[in-house]
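J.: predicted model and sequence follow; I will ask about them next.
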Amino acid sequence: MPIRRGLALALALVGGARTLAAQSSPFGINGLGVPGRPESARSRATGGAFAMFDPFSGLIETAITANDRLSANAVGAVSYVTDDLDGVSASRRTTRFPLFQVSGPAWGGVVIGGGFSSYLDRSYRVTLTDTIVLGGSQQQVTDVLSSDGGVSDLRVVAAKQFGPLTLGAGFHFLSGSTRLLAARSFTDTSTYQGVSQTDEVAYRGTGMSASAMLALGRSIHIAAFARSDTHLRSELSGVEVARNDLPTMYGAGVYLHLTPLAAVAGSVIRSNWSVSTDSNAFNTTVWSVGGEFGSGRHPVRIGVRGGQLPFGPGPAAPKEFALSAGTGIVFAQGRGIIDVAIERQRRTGSGLTETLWTGLFGVTVRP
């Protein structure tokens, strides 16, 4: 099939490359892509530690009960990325709008919400040059492999508080597409004509999730969640060309409100990405610890995050480590909130090192 020939060409290109330039993450070339992070700018500033307790993140359902009126949040992100593969480096800039969430009270104490977030990023562009033998002579060629798009997580959720216990559940619809390009051009254009192939692949999938949060007084909150996604179906011209199992994810976190001016949190999330049919798929454990300090109108946030990525070119899962910081401002008597965050990430695996500076800007409206 065309898509399989394109992927085969991709592997051949990567294997024979002498120089390389990439756009978006090379860790998204193998497997299904780079998993998204359904976290608000506030949560990203804490390394993701506050995501289970933040009503404007899209991680678990129970957090939305903190919204006592209709509220909406949107996030934009800009990343400056440098990749180094065995001494060959490339730099780029990416812009994303990875999150939008809206929620508010409905009836009988039930809070409902919905929105979208990035589930998998499948955007990359790799340019390679090499010399091959044609007709008994050496010819220089340039190969381009690119994918533009990804998979979004569209969710509908509901949660209700029962005294100190809060329960929630959600339904997830996975949708998206990527445009694939595989092309080869020759330096000797008078003798050899370049070739290219393009395909557009659509993705479909569903999932269910549930969560619980327990308040131990006003100072301690404990949260846990589980999510099971079914399959990611890849369709080319309306015909299914691939079906990949998706992981079951589960995690827990604790939030400590130490004083009116200090709060800390920590979380751990486990995902069994190895159920994917890709031979280089790995289970992952991601942890985060962070805090928020100072006035609620102008807080200081810091955090740290570590763990693995589920797909990589080598025999072991790529590793990721990040430091983050940020702040926010509340205005219009709490009807508007602006959050900013900056994050420094480092990913490593099989001779590839990727470093990212990411700036995030979040806007919350509570009319």
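T.: That came through fine.
J.: quick one: furthest residue from the center of the protein?
T.: Centroid-distance maximum for the chain: Gly136 at 47.0 Å, with Cα atoms, centre = their mean.
J.: any idea how far that one is from Val239?
T.: In this view, Gly136 and Val239 are 41 Å apart by Cβ to Cβ, to the nearest Å. Quick note: C-beta positions are derived from backbone N, CA and C, even for glycine.
J.: same thing with Asp188?
T.: Counting by Cβ to Cβ, the gap from Asp188 to Val239 is 38 Å.
J.: tell me which of these two has more neighbours.
T.: Asp188 (11 against 8; other Cβ atoms under 10 Å).
J.: neighbours around the closest residue to that one other than its chain neighbours, how many?
T.: Once flanking residues are discounted, Asp188 sits nearest to Gln139: 5.9 Å by Cβ to Cβ, 6 or more residues apart in numbering. The local packing of Gln139 (other Cβ under 10 Å) involves 15 other residues.
J.: pretty sure Gln139 is touching Arg184, no?
T.: No. Gln139 is beyond contact range of Arg184, at 10.7 Å (criterion: Cβ atoms under 8 Å).
J.: what helix or strand is Gly290 on?
T.: strand 284-293 (DSSP states H and E).
J.: show residues contacting that strand.
T.: Contact with strand 284-293 is made by 45-51, 261-271, 273, 299-310, 317, 320, 324, as judged by Cβ atoms under 8 Å, 6 or more residues apart in numbering.
J.: returning to what we had before: what residues are up against the residue nearest to Asp188?
T.: So Gln139 contacts 131-133, 186-188, 192 (Cβ under 8 Å, 6+ apart).
J.: between those residues, which sits nearest Thr248?
T.: Nearest to Thr248 among these is Ile132, at 44.6 Å by Cβ to Cβ.
J.: count of residues packed around the closest one?
T.: Each residue near Ile132 was counted by other Cβ under 10 Å, and the total is 11.
J.: who is it paired with across the strands?
T.: Gln139 (DSSP bridges).
J.: same question, His231
T.: Going by DSSP bridges, His231 forms beta bridges with Asp245.
J.: was I right to think it contacts Pro247?
T.: No. Using Cβ under 8 Å, His231 is not in contact with Pro247, being 11.2 Å away.
J.: who has more neighbours, those two?
T.: Using other Cβ under 10 Å, the more surrounded residue of His231 and Pro247 is Pro247, with 22 against 17.
J.: among the contacts of strand 284-293, which lie within strands?
T.: 262-271, 300-308, 320, 324 (DSSP state E).
J.: and the contacts of Gln139, which of them are buried?
T.: Phe186 (16 or more other Cβ atoms under 10 Å).
J.: dump stretch 60-67 to PDB, keeping only the CA atoms.
T.: Listed next in PDB are the C-alpha coordinates belonging to stretch 60-67 (Å, rounded to 0.1, in the frame of the first residue of the first chain):
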ATOM      1  CA  ILE A  60      -8.900  14.100  34.900                       C
ATOM      2  CA  GLU A  61     -12.600  14.900  35.400                       C
ATOM      3  CA  THR A  62     -13.000  15.600  39.100                       C
ATOM      4  CA  ALA A  63     -10.900  18.800  39.000                       C
ATOM      5  CA  ILE A  64     -13.700  20.700  37.100                       C
ATOM      6  CA  THR A  65     -15.900  20.800  40.300                       C
ATOM      7  CA  ALA A  66     -13.700  23.700  41.400                       C
ATOM      8  CA  ASN A  67     -15.500  25.800  38.700                       C
END
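J.: mean confidence (pLDDT) on that stretch, please.
T.: For stretch 60-67, the mean per-residue pLDDT is 96.
J.: that one: how far from the chain's middle?
T.: Computed by Cα atoms, centre = their mean, to the nearest Å, the chain-centroid distance of stretch 60-67 equals 21 Å.
J.: stretch 170-187 now?
T.: The answer for stretch 170-187 is 16 Å, by Cα atoms, centre = their mean.
J.: which residues does the residue nearest to Gly113 when sequence neighbours are not counted bridge with?
T.: Spatially, and ignoring its direct neighbours in sequence, Gly113 is nearest to Ser103 (2.8 Å; Cβ to Cβ, 6+ apart). Using DSSP bridges, the beta-bridge partners of Ser103 come out as Ser71, Gly113.
J.: and stretch 190-200, average pLDDT?
T.: 88.
J.: export that stretch to PDB, keeping only CA atoms.
T.: Written as PDB, here are the backbone C-alpha positions of stretch 190-200 (Å, rounded to 0.1, in the frame of the first residue of the first chain):
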ATOM      1  CA  SER A 190      19.600  17.000 -16.600                       C
ATOM      2  CA  THR A 191      19.900  13.200 -16.300                       C
ATOM      3  CA  TYR A 192      17.600  12.200 -13.500                       C
ATOM      4  CA  GLN A 193      14.100  13.300 -12.600                       C
ATOM      5  CA  GLY A 194      13.000  13.600  -9.000                       C
ATOM      6  CA  VAL A 195      10.100  11.600  -7.600                       C
ATOM      7  CA  SER A 196       7.600  12.300  -4.800                       C
ATOM      8  CA  GLN A 197       4.600  10.600  -3.200                       C
ATOM      9  CA  THR A 198       2.000  12.200  -0.900                       C
ATOM     10  CA  ASP A 199      -0.800  10.600   1.200                       C
ATOM     11  CA  GLU A 200      -3.200  11.900   3.700                       C
END
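J.: return the set of buried residues in it.
T.: Going by 16+ other Cβ under 10 Å, stretch 190-200 has these buried residues: Asp199.
J.: and the strands in the stretch 1-150 of the chain, which stretches?
T.: In the stretch 1-150 of the chain, strands defined by DSSP state E, counting those that start in this stretch lie at 19-23, 34-35, 71-85, 88-105, 110-121, 124-134, 137-162, listed in chain order.
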